[in-house]
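In: Provide a 3D model corresponding to the input given below.
(4 chains)
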Protein chains: 2
Amino acid sequence: MRVSAKADYAVRAAAELAAEADGPIKGERLAELQDIPLQFLEHILLELKHHGIVRARRGAKGGYWLAKPADAVTIADIVRAVEGPIAHVQSAPPESIEYRGHAEHLQEVWIAVRANLRAVLEHVTLADLVSGDLPPLVAELTGSEDAWAPR
Amino acid sequence: MRVSAKADYAVRAAAELAAEADGPIKGERLAELQDIPLQFLEHILLELKHHGIVRARRGAKGGYWLAKPADAVTIADIVRAVEGPIAHVQSAPPESIEYRGHAEHLQEVWIAVRANLRAVLEHVTLADLVSGDLPPLVAELTGSEDAWAPR
DNA sequence: GCTGCTTTTGACTTAGAAGGTCAAGAAAGT
DNA sequence: ACTTTCTTGACCTTCTAAGTCAAAAGCAGC
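Out: Numbering: from 1, shown residues only, chains lettered A, B, ... in the order given. Predicted coordinates:
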């Protein structure tokens, strides 16, 4: 139930790519902008490339850029690319698990958890993130005092 | 963004404890009921005990039972006991992270994710889980076809 | 066709967590 | 006493997180 450094880095780097729409950005510059270890970042960018989220050119005027428009890439796309499927239980998707005894309805709970995660992650695009103009649902959720309280 | 085996086991064992309200249940029986490795289960039960969720007595008529009524224990309580805080980013709570550059609004996204996780986990009690009478929000979320689709 | 610059890739490392197992000790009942 | 059952600590194996290092390959400009 936690977000890895890798996923956090990946989203931050993608946000910078989304913001600078013209021309490729070098890995080194991305690393500086978001304070991410360079070598680690390039591994992450490579994974994003394999998933068709980012493109790259090497050489003197090379660098990385988004493969798709910023409003067509969601946070969920990026998290899935580097962390794998969202909300798996014991490394299996919740709809495939069979529970016994009095835990029978636990499956529904995990399905609900996943649905609620998706409700946020699949509806925030990189364009939303960069502009700060987040979807109504997110604005609503962060609006409450309680959402900011540790626990 | 995944649920560990430990958390899944913990909730399942707690559900059995919630169902059999009178008298302690032995670790061995819990392990059989939910098909959990015994030694591992007892470690989990010990953690639950340290967090005041479960009580235990040893000896001939010993076993484990819930420390509180089943409708006063939420799934979130159990997950926190064995996995630590929910939805931490890079092992830190999202409200304490400072983002730079174009990732500035990422904090709000993680806050929204946590709020939506809490919305499910903090409102389902063990009593709900055992009876199968889950809160309206959960029923609503699992009602959609889409929630059951892998992705 | 060099020469730099930059991405790409693979091998390796180190630390910690996940998911267990084993065995000794302590307490409670009969 | 003796057995049952929890309690605790030590240990183990496999994986993942989070990197580092170094070599290879591609591209641009002279």
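
In: confidence score at the closest residue to A:Ser4 other than its chain neighbours?
Out: Excluding its sequence neighbours, the residue lying closest to A:Ser4 (CB to CB, 6 or more residues apart in numbering or on different chains) is A:Glu83, at 6.1 Å. C-beta coordinates here come from the backbone N, C-alpha and C atoms, glycine included. What the model reports for A:Glu83 is a pLDDT of 92.

In: A:Glu83 against A:Ala5, yeah?
Out: No - between A:Glu83 and A:Ala5 there is no contact under CB atoms under 8 Å: 10.7 Å.

In: does A:Ile36 lie in a helix or a strand, and which?
Out: Under the criterion DSSP states H and E, no helix or strand holds A:Ile36.

In: could you find the closest non-adjacent residue to the residue of chain A most remote from its centre?
Out: Relative to the C-alpha centroid of chain A, counting by CA atoms, centre = their mean, A:Gly101 is the outermost residue, at 36.1 Å. Spatially, and ignoring its direct neighbours in sequence, A:Gly101 is nearest to B:Leu33 (5.1 Å; CB to CB, 6+ apart).

In: that neighbour and A:Ile78: what is the separation?
Out: For B:Leu33, the distance to A:Ile78 (CB to CB, to the nearest Å) stands at 40 Å.

In: next: A:Leu48.
Out: In terms of CB to CB, A:Leu48 sits 7 Å off from A:Ile78.

In: so what sits against both of these two?
Out: Listed as contacting both A:Leu48 and A:Ile78 by CB atoms under 8 Å, 6 or more residues apart in numbering or on different chains are A:Ala10, A:Ala14.

In: buried set for stretch A:44-53?
Out: A:Ile44, A:Leu45, A:Glu47, A:Leu48, A:Ile53 (16 or more other CB atoms under 10 Å in any protein chain shown).

In: what comes up buried for stretch A:15-34?
Out: A:15-20, A:24-25, A:27, A:30-31, A:33-34.
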